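**Q** Make a model of this:
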Amino acid sequence: MAKKISKRYKNLQQQVDANKSLSIVEAVTVVKGLKSAKFDETVEIAMNLGVDPRHADQMIRGSTVLTHGTGKTVRVAVFAKGAKADEAKAAGADIVGAEDLVADIKAGNINFDVTVATPDSMGLVGQIGRILGPKGLMPNPKNGTVTADVTKAIKNLKAGQVNFRVDKKGNMHAGIGKASFSLEQLVTNAKEFIGAINRLKPSTSKGRYINSATLSLTMSPGVKIDVTSLVDIK
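**A** Numbering: from 1, shown residues only. Below you'll find the model as predicted:
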């Protein structure tokens, strides 16, 4: 059964030219004008990359810290012991633990948005990989969440670090701010995210790297971005 499209959404669709690709500035301008929900919607970027994630060297995965943050309060859980646990608490981690944190997660208590782990804690984290993995919560050295420098990791995550990973079809998406952000703030964040993706382009990727890109709000249709304007953003 097809999902019924609301009158509100149809009205928003009429404001978007589905056949037209815009510059980042133009796309952000249009998207900001689509705000219709009663809450501060997230501005989301979705991209399709010309890579084959089945090959390890074409698995695009990483992170970047957005200058203006994401507008989202991030709850950080840290797997650490001893002095590193104390350091994590001092840096502002919301939850810090080791065996006790593993037990909580096994019991279904997942009250956080992202995890950080010291390298010597990864043996413990491995016990709950089947729980954290499918939820996208597994710490990973490629996005800086497996590290001895827990202070830096926590501060980056709280400041607006965005972690990303391409799926098996070459798609990825991320929140880059809120509808209430200024045009300049959203443009800056968008360019920083796209730059991070461009810097990870594998040498084995042939042809067009960014096949498509769109911006949208949580409750709006997507606005196409001209991919040729994204190539030189670093």
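**Q** switch to C-alpha atoms for all contacts and neighbour counts from now on
**A** Will do.
**Q** Tell me which other helices or strands the biggest helix by length in the chain touches.
**A** Using DSSP state H, we find that the single longest helix of the chain is helix 183-199. Where contact means 3 or more C-alpha pairs under 8 Å, 6 or more residues apart in numbering; DSSP states H and E, helix 183-199 is packed against helix 24-32, strand 61-65, strand 171-178.
**Q** For the lowest-mean-pLDDT helix or strand in the chain, which residues meet the burial criterion?
**A** The helix or strand of the chain with the poorest confidence is helix 7-13; it has a mean of 79 (mean pLDDT, DSSP states H and E). Using 16 or more other C-alpha atoms under 10 Å as the burial criterion, the residues of helix 7-13 that qualify are 12, 13.
**Q** Tell me which other helices or strands it touches.
**A** Helices and strands touching helix 7-13, as assessed by 3+ C-alpha pairs under 8 Å, 6+ apart, are absent.
**Q** Run the chain-centre distance for it.
**A** 27 Å (C-alpha atoms, centre = their mean, to the nearest Å).
**Q** got the CA positions of it in PDB?
**A** What follows is helix 7-13, C-alpha atoms only, in PDB (Å, rounded to 0.1, in the frame of the first residue of the first chain):
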ATOM      1  CA  LYS A   7      -1.200  18.200   1.900                       C
ATOM      2  CA  ARG A   8       1.700  19.900   3.700                       C
ATOM      3  CA  TYR A   9       4.300  17.800   1.900                       C
ATOM      4  CA  LYS A  10       2.600  18.300  -1.500                       C
ATOM      5  CA  ASN A  11       2.700  22.100  -0.900                       C
ATOM      6  CA  LEU A  12       6.500  21.800  -0.100                       C
ATOM      7  CA  GLN A  13       7.000  19.700  -3.300                       C
END
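**Q** This protein: helices as residue ranges?
**A** If you assign secondary structure with DSSP H, the helices in the chain sit at 7-13, 24-32, 82-90, 99-106, 122-125, 129-132, 150-159, 183-199.
**Q** Nearest to residue 45, out of these?
**A** helix 183-199 (7.7 Å; C-alpha to C-alpha).
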